[in-house]
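Undergrad: model this:
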Amino acid sequence: MNSYVNTAVGALLGTIFVLMSVSIASEGIFHSEAPEKEGFAIVAEEAPAAGGEAAPAVAVPIAQLLASADAKAGETVFKKCQACHDGTKGGPNKVGPNLFGVVDRPIASHEGFAYSAAMKDFSKGSSEKWTFEYLNKFLMAPKKDVPGTAMGFAGLAKDQDRANVILYLHTLADSPVPLPDPNTATQ
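TA: Below you'll find the predicted structure:
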């Protein structure tokens, strides 16, 4: 054999030796036992049986929440809404309608905005109004409250956040409607 062949065979054997050594060392360092059963267990909570349904959470009436609400905090929460809504008087419609004077305004009635069919149906021909109660329910989960609405916002889960933003929306009017009396509040 000549020296070129010896060099090539030596390089090949050296490479194989290094690779095998690294493989054996890696297995020794990072060894893991084979699982008894392949895959992952997915644990999901089971729904309660038909007769044993959980009691629904007691909702606090919006009038009581508004009594302790803070419009300044609502203005901060409203920043989430500003991506799609404007709140200035005479301001433009964006992806959603302008919200100036929305409290006690007929639902799906803002001029110049093309409402979804679901929102028009929900408004019953604009005969329903955005009362404090309706706003509270809608802002909790818009897509759940009005299935098919084009509003992509997930909602405000915290009662206090909803109350704060509703109180802030209440201030966005030339002559705001009176706040509901917390002592005679119903849901």
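Undergrad: tell me the gap between stretch 95-106 and the middle of its chain.
TA: Its chain's C-alpha centre and that of stretch 95-106 lie 21 Å apart, by CA atoms, centre = their mean, to the nearest Å.
Undergrad: kindly apply the preceding question to stretch 122-138 instead.
TA: Taking CA atoms, centre = their mean, one finds the center of stretch 122-138 at 21 Å from the center of the full chain.
Undergrad: any idea how far Leu167 lies from Lys72?
TA: 9 Å (CB to CB, to the nearest Å). Bear in mind the C-beta positions are built from the backbone N, C-alpha and C, glycine included.
Undergrad: which one of these two has more residues nearby?
TA: Shown here are Leu167 and Lys72; by other CB atoms under 10 Å, Leu167 has more neighbours (24 against 10).
Undergrad: would you agree the more buried one is in contact with Gly74?
TA: Yes: contact criterion CB atoms under 8 Å: Leu167 and Gly74 qualify, at 5.1 Å.
Undergrad: what sits in contact with each of the two?
TA: Here Leu167 and Gly74 share no contacting residue, scored by CB atoms under 8 Å, 6 or more residues apart in numbering.
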